[in-house]
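S.K.: Sequence and predicted structure below; questions after.
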Amino acid sequence: MNATAPLAATRTVKLVYFAWMRERVGVPSETLDIPADLATIADLVRWLKTRGENYEAAFANEAVVRAALDQVHAKPHAALGSAREIAFFPPMTGG
């Protein structure tokens with residue numbers, strides 16, 4: 001019988017950061033094991049902010065951060081579902 005403690009349930013996702021989000025986080029993308037109980041983009045953002053000052057800076061104003069699940073734009077309350085890639089970017093301006 002294995003007496004090791006059970007591992008917390010996680011799932012692996014690729015996170016991609018664009019523009020000043022990338023500059024603040026410090027990497028263009030990363031593959032992370034995130035807690036399986038994170039249900040929405042907003043939940044993920046709150047969890048990311050606990051990872052350090054660079055994430056706190058990148059997500060300081062959650063209202064302006066945009067996201068995409070598997071390359072489809074999504075609102076903060078959108079369910080993560082089975083998304084394999086989650087991208088974060090600032091608002092886009094046209095001209």
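M.R.: Sure, I can see it.
S.K.: Compute the mean per-residue pLDDT across the longest helix along the chain, please.
M.R.: In the chain, taking DSSP state H as the definition, the longest helix is helix 41-49. Averaging the model's pLDDT scores along helix 41-49 yields 97.
S.K.: Low-confidence ranges, this protein, go.
M.R.: Low-confidence segments of the chain (pLDDT under 70): 1-7, 93-95.
S.K.: Tell me where it has helices.
M.R.: Assigned by DSSP H, the helices in the chain fall at 19-25, 41-49, 53-58.
S.K.: follow-up on the earlier one: now do the longest helix of the chain: which elements does it pack against?
M.R.: For helix 41-49, the contact count by 3 or more CB pairs under 8 Å, 6 or more residues apart in numbering; DSSP states H and E identifies strand 29-35, helix 53-58 as packing neighbours. For glycine as for every other residue, the C-beta is placed from the backbone atoms N, C-alpha and C.
S.K.: Need the residues that contact the shortest one.
M.R.: Among residues not part of helix 53-58, those counted as contacts by CB atoms under 8 Å, 6 or more residues apart in numbering are 17, 20-21, 24-26, 48-49, 65, 88.
S.K.: Kindly report the same for the first one.
M.R.: Counting by CB under 8 Å, 6+ apart, the neighbours of strand 29-35 from elsewhere in the structure are 8-17, 44, 47.
S.K.: show me the contacts for A67.
M.R.: 41, 73-74, 76, 78, 86-89.
S.K.: Out of the residues you listed, name the ones that lie in strands.
M.R.: Under the assignment DSSP state E, the contacts of A67 contribute 73-74, 86-89 to strands.
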